[in-house]
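**Q** here is my input; please provide its structure:
(one chain, ligands or ions: 2)
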Amino acid sequence: MKFDKEKMRLYAITDRHWLNGRSLREVVKESLDGGVTFLQLRDKNSDDETFLQEAAELQKLCRDYKVPLIINDNVEIALKMNADGVHVGQSDMEAGAVREKLGPDKILGVSARTVEQALLAQERGADYLGVGAVFATGSKADAAELPHETLKAICEAVSIPVVAIGGITAENISQLKGTGICGVAVISAIYAQNNIKEAAEELKEAVDKIVL
Ligand SMILES: Cc1ncc(COP(=O)(O)OP(=O)(O)O)c(N)n1
Ligand SMILES: Cc1ncsc1CCOP(=O)(O)O
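**A** Numbering: from 1, shown residues only. Ligands and ions are numbered 1, 2, ... in the order given. Okay, here's the model as predicted:
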C-alpha cells in the first residue's frame, strides 16, 4: 500500500476562490495544523507556470507534515514536479492511461458515480475513489447529488479506499456513517471558513467518529 488508509480521513482540496488576500501556502498550512491528512491542489484557472510554483510551495509544506500532495487533472505537471499522485475525473484522461504514465508507485485517485465506474477504475489501477456529490455543493457547478445508497454500494463493491465528496460539513457528516467510506474530501467546509485551523480540527474530530 502506498499510503495508510487512515491518511484519507480528512482530504482537503484547495480553492483560490476563498483566499481573500491570503496566500495559498498560508491557508493550507492552517489546515494542516488543524489535522488535514491528504491534500489536493485543484486550480482550474492558473497558467502552468503559476500552478507549478504553487505546487512546489505546497509540496515542501506537505512533506514537512508527511501529508501526500495530489495534483488535480494535470498528469504532466504531477510528473514534472514529482508529486505524490494525481486525481482524475471521468471526463479526464482514462485511468489506465494515467496509470501507464504515472508508473506503479504514484497515487492515482479517480472520481466515480456508479459501481461500474468504480470497478473499472479499480481494475485500471486506481488507488482510491472520490465519490459524490453526496450533498448539494456550491464548489463545483456540474456536481449532481448522488444518493447515499449508491455511495454505500460503491464502497461495498471495491477493495480500495473511498472518500465521499460534495457539500460535506461538520454538521451533516454523521449522515455518512455506515456507508463504508474511509474519509471525506472537502473544499468549503475548511477553506471558506474564517478560522481554517479550527474548522479542520472540528471536521477531523467528526470524521474520526464515523469511520472505522
Ligand atoms: C477526492 C476527489 N474526488 C472527486 C473529485 C472531482 O474530480 P472531477 O470529477 O475530475 O472534477 P474536478 O475536480 O476536475 O472539477 C476531486 N477533485 N477529488
Ligand atoms: C470537486 C468536487 N467534486 C464533486 S463535489 C466537489 C466540490 C466539493 O467542494 P465542497 O466541499 O465545498 O462541497
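**Q** switch to C-alpha atoms for all contacts and neighbour counts from now on
**A** OK.
**Q** would you tell me which helix is longest in the protein?
**A** If you go by DSSP state H, the chain has its longest helix at helix 48-65.
**Q** and the following helix or strand past it, what does it pack onto?
**A** Moving toward the C-terminus from helix 48-65, the first helix or strand encountered (DSSP states H and E) is strand 69-72. With contacts defined as 3 or more CA pairs under 8 Å, 6 or more residues apart in numbering; DSSP states H and E, strand 69-72 has these neighbours: strand 38-41, helix 48-65, helix 75-80, strand 85-88.
**Q** and Asp15, how far from ligand 1?
**A** Using CA to the nearest ligand atom, to the nearest Å, we find Asp15 at a distance of 10 Å from ligand 1.
**Q** next, give phi and psi for that residue.
**A** phi -150, psi 110 (degrees, to the nearest 10).
**Q** go on, the one 4 residues further on?
**A** Backbone torsions of Leu19, given as degrees, to the nearest 10, read phi -70, psi -40.
**Q** neighbours around it, how many?
**A** In terms of burial, Leu19 registers 14 neighbours under the definition other CA atoms under 10 Å.
**Q** would you agree it is in contact with Val28?
**A** No: using CA atoms under 8 Å, Leu19 makes no contact with Val28, being 10.2 Å away.
**Q** assign the residue located most distally from the centre of the chain to helix, strand or coil.
**A** If you look at how far each residue of the chain sits from its centre, by CA atoms, centre = their mean, the farthest one is Gly21, at 23.8 Å. Secondary structure for Gly21, judged by DSSP: H, G, I helix; E, B strand; the rest coil, is coil.
**Q** give the contact list for it.
**A** Contact criterion CA atoms under 8 Å, 6 or more residues apart in numbering gives no residues in contact with Gly21.
**Q** cool, and Phe38?
**A** By CA under 8 Å, 6+ apart, the residues touching Phe38 are 7-12, 67-70.
**Q** again with Asp73
**A** With contacts defined as CA under 8 Å, 6+ apart, the neighbours of Asp73 are 86-89, 92.
**Q** from ligand 2, how far out is the residue farthest from the centre of the chain?
**A** For Gly21, the distance to ligand 2 (CA to the nearest ligand atom) stands at 19 Å.
**Q** ramachandran angles for that residue?
**A** Residue torsions, per degrees, to the nearest 10, at Gly21 are phi 90, psi -10.
**Q** can you count the residues close to Asn45?
**A** Burial of Asn45, expressed as a neighbour count using other CA under 10 Å, amounts to 9.
**Q** wait, does stretch 121-129 contact ligand 2?
**A** No: contact check for stretch 121-129 against ligand 2, using CA under 6 Å from any ligand atom: none in range, with a minimum separation of 11.4 Å.
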